[in-house]
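**Q** Whatever this is, show me its structure:
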Amino acid sequence: MARTPDTRNRRMFGKLLVVAAMMFGFGYALVPMYEAICDALGINVLSLAERQVPGMPTGRAGNTQVDTSRRIVVEFDANARGPWDFKPAVRSIEVHPGEMATVMYEFRNVQDRPMAAQAIPSYAPKQATAHFNKLECFCFNEYTLQPGESRQWPVVFVIDPKLPKDVTTITLSYTFFEVGGKVPPAPKGGAAGGAGGRG
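**A** As a prediction, this is how the structure comes out:
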């Protein structure tokens with residue numbers, strides 16, 4: 001006995017309903033499956049860090065990537081290629097690998113004309129270069145400063161915990177140099193414009 005189109009349509013509709021229900025159930029089960037797999041493999045780092053851990057104060061959880069068993073001395077150096085003042089606010093600090101730190105550098109244009117300049121970093125020892133991660137740095141940009149203008153710029157960094165164990169001191173050195181052709185020279189025989197304020 002041949003099936004009518006209505007019977008075939010009802011059977012197909014029933015099959016589609018079953019498939020849709022199975023797809024919904026599978027999608028709903030993916031969340032706990034994903035959490036279980038990530039917990040087992042230890043790859044769900046961000047969501048684990050947001051959970052409340054017994055004994056920890058409420059609010060932001062501490063950075064579990066900080067290696068508190070080691071201390072690294074970071075020394076700061078500044079070289080200026082030109083007649084201006086450029087120096088770190090502090091000469092050295094101690095940090096744990098994985099700990100975020102901020103150090104300010106101070107700059108003053110002592111020339112009688114505007115100046116465009118940029119800083120280039122270097123590291124010692126050389127093997128520390130790949131492990132010194134700057135999150136914010138004035139060396140990423142060029143700056144124009146007016147005559148007499150002073151500024152302070154931050155360097156925000158983290159030292160990778162994978163830094164070789166034999167490295168206990170890192171020197172971060174900046175060379176600050178003028179970028180030629182970026183600003184016009186001061187007028188000859190005339191006074192330069194007024195000094196800029198603190199930036």
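**Q** Looking at Leu30 now. What's its pLDDT?
**A** At Leu30, the predicted lDDT confidence score is 71.
**Q** centroid residue for this structure?
**A** Geometric centre of the chain, nearest residue: Leu135, 2.7 Å, by Cα atoms, centre = their mean.
**Q** buried sites along the strand or helix carrying it?
**A** If you go by DSSP states H and E, Leu135 is part of strand 132-137. By 16 or more other Cβ atoms under 10 Å, the buried positions in strand 132-137 come out as Phe132, Cys137. In short, each C-beta sits where N, CA and C put it, glycine included.
**Q** And the next helix or strand past the lowest-mean-pLDDT helix or strand in the chain?
**A** Here the helix or strand of the chain ranked lowest by mean pLDDT, DSSP states H and E is helix 45-50, holding a mean of 39. Per DSSP H and E, helix 45-50 leads on to strand 72-81 as the next helix or strand towards the C-terminus.
**Q** Can you give the strand pairings for whichever helix or strand comes after that next one, parallel or anti for each?
**A** Sequence order places strand 85-88 as the next helix or strand after strand 72-81, per DSSP H and E. Strand 85-88 has its sheet partners listed here by DSSP bridges as strand 100-108 (antiparallel).
**Q** quick one: the partner strand to strand 132-137, angle?
**A** 60 degrees (axes from the mean of the first three to the mean of the last three Cα atoms, to 10 degrees).
**Q** Only the buried residues of the next helix-or-strand element following strand 100-108, if you could.
**A** For strand 100-108, the following helix or strand on the C-terminal side (DSSP H and E) is strand 115-124. In terms of neighbour count (16+ other Cβ under 10 Å), strand 115-124 has its buried residues at Met115, Ala117, Gln118, Ala119.
**Q** Can you list the helices and strands that strand 115-124 packs against?
**A** Secondary-structure packing of strand 115-124 (3 or more Cβ pairs under 8 Å, 6 or more residues apart in numbering; DSSP states H and E): strand 132-137, strand 143-145, strand 169-178.
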